[in-house]
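# Need a 3D model of the sequence below.
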Amino acid sequence: MKRLVKVIGSAVLIYAAYCLLLFFVQRHVLFPRYMIPTPEPPALKTTRIEPWWLETSFGKVEAWYLPPAEADQPAAAVIFGHGNGELIDYWPNALARFSEMGIGLLLVEFPGYGRSAGSPSQARIAETFILAYDRLAARAEVDPSRILLFGRSLGGGALCDLALKRPSAALILMSCFKSVSAFAVRYLAPAFLIRDPFDNLAAVRQYKGPVLVVHGKFDEVVPFGHGQALHSAAQNGKMIVYDAGHNDCPPDWAVFWRDVRDFLSANGIL
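Below is the predicted model of the structure:
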């Protein structure tokens, strides 16, 4: 019996040490910014992109704004949040179609990523995206009643968080998860240890506007069931499923843009 008690005690101590380690290293897993090479400052003067620097409580965070190609009256605009292994530098070409459709595009960096100050956390990301939203909504060429929120993977967490704090016309979630806490079971850890829970499911349940969920059927990072759960939770939801994984979603950008245009048109945004 004494030996059994010692074995159980040792197991409890080892598990407690493991949970403590996980508590302190989880942000390195969730925000692998040190694995992303910092690119040289881009030559944006030759493009239509306006570089912004958002003055947060922890330093300056970068954002890029691409105005709508043509706007003779206040136009719609979209705020985009990228995945945890990406930078805003990766997205201007892929998302330039928004500008061509007459929609302004704002790419917001995460704190501590690329050339931006600070270190990432849910609270600091929320502060950054609120500042970005407020600056965008104040633009003369932007219709604040037609601001869209578009998040991919971890960026979906940033935009779901923003959706609870600022009004928006629609929410688009690509390859997005229910919550970070839902992944705790993968690491055999209790959910309460998660420091940045990003409870997207709760946010979508509260969101009253239209929600477009885009997910790959074979997503190996965020299982397809997460997308299904988000769609089921939406009060006004639409789901588009592609034969794709996580990083190749959408597999055909022409089809994706057609689907996005249909969604925006159906909801009176275009």
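
# and R166, how many neighbours?
18 (other Cβ atoms under 10 Å). All C-beta spots, glycine's among them, are computed from the backbone N, C-alpha and C.

# Nearest residue to it in space, ignoring adjacent ones along the chain?
Y133 (4.9 Å; Cβ to Cβ, 6 or more residues apart in numbering).

# So which residues of the stretch 51-200 of the chain form strands?
When secondary structure is read from DSSP state E, counting those that start in this stretch, the stretch 51-200 of the chain shows strands at 59-66, 75-81, 104-108, 142-152, 170-174.

# out of those, nearest to F198?
Between F198 and the strands of the stretch 51-200 of the chain, the tightest spacing by Cβ to Cβ is seen for strand 142-152, at 10.0 Å.

# Enumerate every residue touching the residue nearest to R166.
Applying Cβ atoms under 8 Å, 6 or more residues apart in numbering, one finds that Y133 lies in contact with 79, 147, 162, 166.

# Check the spacing between E141 and L66 real quick.
The spacing between E141 and L66, counted by Cβ to Cβ, to the nearest Å, is 12 Å.

# and if you look at A43?
Computed as Cβ to Cβ, the A43 to L66 distance reads 15 Å.

# Between the two, which has more neighbouring residues?
Taking neighbours as other Cβ under 10 Å, A43 and L66 compare with L66 leading, 22 against 7.

# I figured the more buried one hits P92, correct?
Yes. Distance between L66 and P92: 6.6 Å, which falls inside the contact criterion (Cβ atoms under 8 Å).

# State the distance from the residue nearest to R166 to D72.
24 Å.

# again, but for I88
When distances are taken as Cβ to Cβ, I88 and D72 turn out to be 28 Å apart.

# So which of those two has more stuff around it?
Comparing I88 with D72 by neighbour count (other Cβ under 10 Å), the higher total belongs to I88, at 24 against 7.
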